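> Structure of the sequence below:
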Amino acid sequence: MGAALALTGASAASAETIAVTNFTLIDGRGGAAVPNSSMIITDGRIIWVGPASQARTPPDAVVVDLTGKFVTPGFIDTHIHLGNTHDLVQKEEFFTRENVEKDLSTYAAYGFTSVAIMGTDKDLIFSVRKQQRASRPTMARLYTSGQGIVFHGGYGGVPGINTPVATPREAAAVVDAQAAKGADYIKFWLDDELHSMPKMPPQISQAVIDAAHRNGLKAFAHIFYLEDARRLTDQGIDGFVHSVRDADIDPALLRDMKAKGTVQVAATLSREAAMFAYGRHAPQLDDPFFRQSTSPETLRQLDSPERQKQVSSAPVFPELPKFFERAKANFKKLADAGLPFGAGTDSGPPGRVAGYSGHWEMELMVAAGVTPAQALHAATGGAAKILGAQDIGTLERAKWADFVVLDADPLQNILNTRKISAVYIAGRRVPSVAP
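Below you'll find the predicted structure:
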């Protein structure tokens, strides 16, 4: 976690049972907020939720009165990378348990109690996940694809972590290896970095998708081009982890996605905005909510005129705002067509910071034209459904008591997700950022 992170209320409840009372409930299922609610939690799971007037609080419960507060499920970031970045440098050698847990703690502090890592994990991630799932974690829950599939000489992955493939047989073998380790889904990259690198051919992407499905796993893809979204939809892809950014999506693609059950795992609007935001002094550099997410050295570098000039002088820089606007427009078309979507950021690489990016993502989703309720659902119940995570995402009986306490109503203003009063994971309060 960044050195500037402010911690509030880090102590965990000592009792097995807590009763959280007198709050307005936003349960993650997409419905209206319910005032005067209560929730009873035992051993980290919800055993009852409903009107405060009907609550039967056990005599040994610790009571937490949240009068005037709003409670949502813990947020879920459906596209991140973890543990590989130190300040503004990304290397495989940085992927250590210490850095992984630091990043998971930062996500949790910002209310992101679960994260989906997309293809750049070393194998130690599976031992971290095993420990989490055998206990009540005190940092963000993780879902992982292990090592994603990268085409030989092509775009994607982290050198030293991902092993490029050159044939369908090699691709299927990598998928089988990740499935054997216990991957939650499969991720691959289909991109040529603006025609500067070779792109994964159709027979290999088909092999990846088929191998994932043979192993009972969903296949998610990094895309940029409309033609690739069409191709992968035809091949049976389960979801896209970025928006189409080179062209406007058309009704035919939307119909095909709906017919095939293809979802928008993440639009990564905050990623597109971050690609050009630091070509000048970015407003978030002065925002205390942002500054808690990162180190003083990262802040210094992001605000360096030399680095800003380097970013803004890149040949592709004038195109980046156009990609961002097209991503927003295409995301809105998907939402209007009724296709499922999550809230993912592609945070983790240099300049795309943990935790804060998720709140920025929800803000940009609303700016693109969806309602605060839709954006919040995408980061809670909608995200859990996309990931197939059955015991998180909504505040219902028998699910994990992962929730965020807010000082203001996010359904009225999505920026209110930043007004964090407390974060709980498995019924225990964890360190959280100052609002």
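> shaky segments in the protein?
Counting by pLDDT under 70, the chain has low-confidence residues at 1-15.
> Just read off the phi/psi values of the most centrally placed residue in it.
By Cα atoms, centre = their mean, the mean C-alpha position of the chain lies nearest to residue 77, the distance being 1.6 Å. For residue 77, the backbone dihedrals (degrees, to the nearest 10) come out as phi -90, psi 120.
> Is it correct that it is in contact with residue 345?
Yes - Residue 77 is within contact range of residue 345, at 5.6 Å (criterion: Cβ atoms under 8 Å). Bear in mind the C-beta positions are built from the backbone N, C-alpha and C, glycine included.
> Pull up the overlap in contacts between the two.
With contacts taken as Cβ atoms under 8 Å, 6 or more residues apart in numbering, residue 77 and residue 345 have 357-358, 361 as neighbours in common.
> Please flag which of those residues sit within helices.
Counting by DSSP state H, the members of these that fall within helices are 357-358, 361.
> how about JSON lines for those, with neighbour count added?
JSON lines is the format used below for these (neighbours: other Cβ atoms under 10 Å):
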{"residue": "357", "neighbour count": "30"}
{"residue": "358", "neighbour count": "27"}
{"residue": "361", "neighbour count": "30"}
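> Nearest to residue 325 among the residues you listed?
In terms of Cβ to Cβ, no member of these lies closer to residue 325 than residue 361, at 15.8 Å.
> which outside residues touch the helix or strand where residue 233 lies?
Following DSSP states H and E, one finds residue 233 within helix 226-235. By Cβ under 8 Å, 6+ apart, the surrounding residues in contact with helix 226-235 are 190-191, 199, 202, 205-206, 209, 221, 223, 240, 244, 246-250, 252-253, 256-257, 260, 262.
> and with 6 Å instead?
Contacting residues not belonging to helix 226-235 are listed as 190, 206, 209, 221, 223, 244, 247, 253, 256-257, 260, 262 [Cβ atoms under 6 Å, 6 or more residues apart in numbering].
> The helix or strand that comes right after it - contacts with which helices or strands?
Once helix 226-235 ends, the next helix or strand along the chain (criterion: DSSP H and E) is strand 239-240. Contact here means 3 or more Cβ pairs under 6 Å, 6 or more residues apart in numbering; DSSP states H and E; on that basis strand 239-240 packs against no helix or strand.
> Provide the contact partners of strand 239-240 at residue level.
By Cβ under 6 Å, 6+ apart, strand 239-240 touches 220-221, 223, 263-265.
> Off-centre distance for it?
14 Å (Cα atoms, centre = their mean, to the nearest Å).
> Okay, now the sheet partners of it, with direction.
Applying DSSP bridges to the sheet, strand 239-240 is found paired with strand 219-222 (parallel), strand 263-264 (parallel).
> can you tell me which of these comes nearest to residue 144?
Of all the strands paired with strand 239-240, it is strand 219-222 that lies closest to residue 144, at 11.9 Å by Cβ to Cβ.
> Can you tell me what sits against that closest one?
Counting by Cβ under 6 Å, 6+ apart, 185-191, 209, 212, 232, 237-242, 265 sit against strand 219-222.
> Of the residues you listed, keep whichever come out buried.
185-191, 209, 212, 232, 237-242, 265 (16 or more other Cβ atoms under 10 Å).
> Tell me which stretches of the stretch 1-150 of the chain form strands.
Assigned by DSSP state E, counting those that start in this stretch, the stretch 1-150 of the chain shows strands spanning 17-25, 34-42, 45-51, 62-65, 70-73, 75-80, 85-86, 89-90, 112-117, 141-144.
> which helices and strands sit right next to the third one?
Looking back up the chat, that one is strand 45-51. Using 3+ Cβ pairs under 6 Å, 6+ apart, strand 45-51 is in contact with strand 34-42.
> what distance separates the strand it packs on from the centre of its chain?
Distance of strand 34-42 from its chain centroid, counting by Cα atoms, centre = their mean, is 26 Å.
> same question, stretch 52-68
Distance of stretch 52-68 from its chain centroid, counting by Cα atoms, centre = their mean, is 32 Å.
> okay, it in CSV with CA atoms only?
The C-alpha coordinates for stretch 52-68 follow below in CSV (Å, rounded to 0.1, in the frame of the first residue of the first chain):
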residue,chain,number,x,y,z
ALA,A,52,-34.3,-3.0,11.2
SER,A,53,-37.7,-3.3,12.9
GLN,A,54,-37.7,-7.1,12.2
ALA,A,55,-34.2,-7.8,13.3
ARG,A,56,-33.7,-10.4,16.0
THR,A,57,-30.3,-9.5,17.3
PRO,A,58,-28.5,-12.3,19.2
PRO,A,59,-27.7,-11.3,22.8
ASP,A,60,-24.0,-11.8,22.3
ALA,A,61,-23.7,-9.8,19.1
VAL,A,62,-21.6,-6.7,18.8
VAL,A,63,-24.0,-4.0,17.5
VAL,A,64,-22.7,-1.4,15.0
ASP,A,65,-25.1,1.5,14.6
LEU,A,66,-24.8,3.0,11.1
THR,A,67,-27.5,5.6,11.3
GLY,A,68,-27.3,8.0,8.4
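> Report the buried residues of it.
By 16+ other Cβ under 10 Å, the buried positions in stretch 52-68 come out as 52, 55, 57, 61, 64, 66.
> Using JSON lines, lay out those residues together with distance to residue 389.
Output for the buried residues of stretch 52-68, formatted as JSON lines (distance: Cβ to Cβ, whole Å):
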{"residue": "52", "distance to residue 389": "28"}
{"residue": "55", "distance to residue 389": "27"}
{"residue": "57", "distance to residue 389": "29"}
{"residue": "61", "distance to residue 389": "27"}
{"residue": "64", "distance to residue 389": "25"}
{"residue": "66", "distance to residue 389": "25"}
